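>>> 3D, please:
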Amino acid sequence: MACQRATFWVLAAWIVVGPVSSSAQTVDSTPRVTSRQEYDHWFEQVKNWGRWGTSSAIGTLNLITPAKRQRAAASVVAGVSVSLAHEFVTDSSLNNPSPLKLRTHTETDSGDVTWAYEDLAIDAFHGYANSHMDWLSHTMYRGALFGGLGIDDIRPGGVNQRGVHSLTNGIVTRGVLVDAAALKGVSDLAPGVAITATDLATWEKQTGVRIEAGDVLLVRTGRWAREQRLGPWKMEGSAPGLHASVAVWLHDRGVAAIGSDAVNDVMPSLVAGMYNPLHQLALVAMGMPLFDNLDLEAAVQEAHTQRRWTFLFVAAPLRIKGGTGSPLNPLAVF
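Next comes the predicted model:
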């Protein structure tokens, strides 16, 4: 803890006195466009099919051991809990064409007691607006889900063997927060800026925090700060995020899950002919769940207050049998 608190100030001081700008850096460091052949090599390199046998239903979450949970719980010092979710909105918007539908009713019982209740409908929580988990059944690559299951496993009433109901007991582990925007010397990253494994290694060196097996890695691009500053932009096809090659680094480190305030993938993707290639590497090859559209602004502020970039991470999806994901409200506990 002492080492982490000391190294925190290295990055904090760099953020304060360094070349922080309201506009993102140029894309000189953007990786080249990757061929599908090279991408398929990465896919085979990180493939976890059959790795956990009968426990394969939860993929890389098998890397979170009881000892890992105990250490994460023991790291709580201040007892401060911070939400990592953005509010669901009921209005249609640029990135939310199918908003949550909420209709509240009242009913009076015996003239003295009034009840309030609602009708609630979520037409599409996947997308670019709502905080949610992508589960292992959310996407396929070359006709296969994680573990090699085929499209026949996906039915109108849900997924047979890779549904989010497999995650009955939720996720409890260490969370690690990387402020990629501050790392690159800006308040928020511009659409199309890619975050690489080199960036993550640089962040580790500057903070003294090593990303380890069983961690949940959360990467702040500054998406919500940018929206507040400049207004919303159409995220589809145009977002800062992780380059697909980061999957090899995540696999080597044994990361259990990743999340972002955008959609994790940089867009355009920089992989020929693919839209969200990191999603396929994570969900299909590795069996690694993703958290999209988180709100990491409050967590970054609390990290500065607590002088630490790690915390107890807790998340539990709704128990939707056969679901391909779930809306949820993950928590960071410092």
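
>>> any stretches of the stretch 101-250 of the chain with poor pLDDT?
120, 122-123, 154-158, 160 (pLDDT under 70).

>>> that one: strands as residue ranges?
101-109, 113-121, 132-134, 154-155, 158-159, 171-179, 194-195, 216-220, 241-242 (DSSP state E, counting those that start in this stretch).

>>> out of those strands, indicate the one that is most buried.
Most buried of the strands of the stretch 101-250 of the chain, by mean neighbour count (mean count of other CB atoms under 10 Å): strand 241-242, with a mean of 28. For the C-beta atoms, the positions are set from N, CA and C on the backbone; glycine is no exception.

>>> for the helix or strand encompassing Q301, list every residue counted as buried.
Assigned by DSSP states H and E, Q301 belongs to helix 297-306. By neighbour count on 16 or more other CB atoms under 10 Å, the buried set for helix 297-306 is 297, 299-300, 302-303, 306.

>>> which residues are contacting whichever helix or strand comes after that helix?
Going down the chain from helix 297-306, the next helix or strand is strand 310-315, by DSSP H and E. Residues from elsewhere that reach strand 310-315, judged by CB atoms under 8 Å, 6 or more residues apart in numbering: 4, 72-73, 75-76, 133, 170-177, 209, 216, 218, 291, 299, 303, 328, 330-334.

>>> pLDDT on the helix or strand following strand 310-315, on average?
Scanning forward in sequence from strand 310-315 by DSSP H and E, the next helix or strand is strand 325-327. In this model, strand 325-327 has a mean pLDDT of 90.

>>> please apply the same query to stretch 34-51.
Rounded mean pLDDT across stretch 34-51 is 96.

>>> got it, and stretch 77-89?
On average, stretch 77-89 scores 93.

>>> can I get it as CSV, trimmed to CA atoms?
Written as CSV, here are the backbone C-alpha positions of stretch 77-89 (Å, rounded to 0.1, in the frame of the first residue of the first chain):
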residue,chain,number,x,y,z
VAL,A,77,-9.7,1.0,3.7
ALA,A,78,-11.9,4.0,3.5
GLY,A,79,-15.2,2.1,3.0
VAL,A,80,-16.3,4.4,0.2
SER,A,81,-18.5,2.9,-2.5
VAL,A,82,-18.6,4.5,-6.0
SER,A,83,-21.0,3.6,-8.8
LEU,A,84,-19.4,2.8,-12.1
ALA,A,85,-22.6,3.0,-14.1
HIS,A,86,-24.1,5.8,-16.2
GLU,A,87,-27.8,6.6,-15.6
PHE,A,88,-30.3,4.9,-17.8
VAL,A,89,-32.2,7.6,-19.8
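
>>> mind listing what's buried along that stretch?
Applying 16+ other CB under 10 Å to stretch 77-89 flags 82, 84-86, 88 as buried.

>>> and the contacts of it?
Residues contacting stretch 77-89 (CB under 8 Å, 6+ apart): 1, 96, 99-100, 122, 129-131, 218, 224, 259, 261, 291, 293-296, 298-299, 302, 306, 327-334.

>>> just the buried members of those residues?
96, 99-100, 122, 129-131, 218, 224, 259, 261, 291, 293-296, 299, 302, 306, 327-328, 330-334.

>>> apart from its chain neighbours, what residue comes closest to W249?
A197 (3.8 Å; CB to CB, 6 or more residues apart in numbering).

>>> what's the neighbour count on that neighbour?
18 (other CB atoms under 10 Å).

>>> then the one 10 residues further on?
Counted with other CB under 10 Å, residues neighbouring T207 total 24.

>>> do you know how far it is from W52?
Distance, T207 to W52, by CB to CB, to the nearest Å: 31 Å.

>>> do the same with V271
Taking CB to CB, one finds V271 at 27 Å from W52.

>>> ditto for H126
26 Å.

>>> do A180 as well
30 Å.

>>> between these two, which is the more surrounded one?
Neighbours were counted for A180 and for W52 using other CB under 10 Å; A180 has more, 25 against 17.

>>> ok, now which ones touch that one?
189, 195, 199, 203, 219-221, 240.

>>> out of the residues you listed, who's nearest T114?
R220 (43.0 Å; CB to CB).

>>> report the beta-bridge partners for the closest one.
When bridges are called by DSSP bridges, R220 pairs up with D179.

>>> my guess is it contacts V176. True?
No - assessed by CB atoms under 8 Å, R220 is found out of contact with V176, at 11.5 Å.

>>> A190 and R223, how far apart?
For A190, the distance to R223 - CB to CB - is 11 Å.

>>> name the residues contacting each of these two.
P240.

>>> those two: which has the busier surroundings?
Neighbours were counted for A190 and for R223 using other CB under 10 Å; R223 has more, 29 against 20.

>>> neighbours around I258, how many?
For I258, using other CB under 10 Å, the count is 23.

>>> just the helices in the stretch 151-300 of the chain please.
180-183, 197-207, 223-230, 246-253, 277-279, 297-306 (DSSP state H, counting those that start in this stretch).

>>> R36: which of the ones you listed is closest?
helix 277-279 (9.4 Å).

>>> any chance of the helices of the stretch 151-300 of the chain in CSV, plus distance to K47?
As requested, those are exported to CSV (distance: least, CB to CB, whole Å):
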stretch, distance to K47
helix 180-183, 27
helix 197-207, 18
helix 223-230, 30
helix 246-253, 9
helix 277-279, 15
helix 297-306, 32
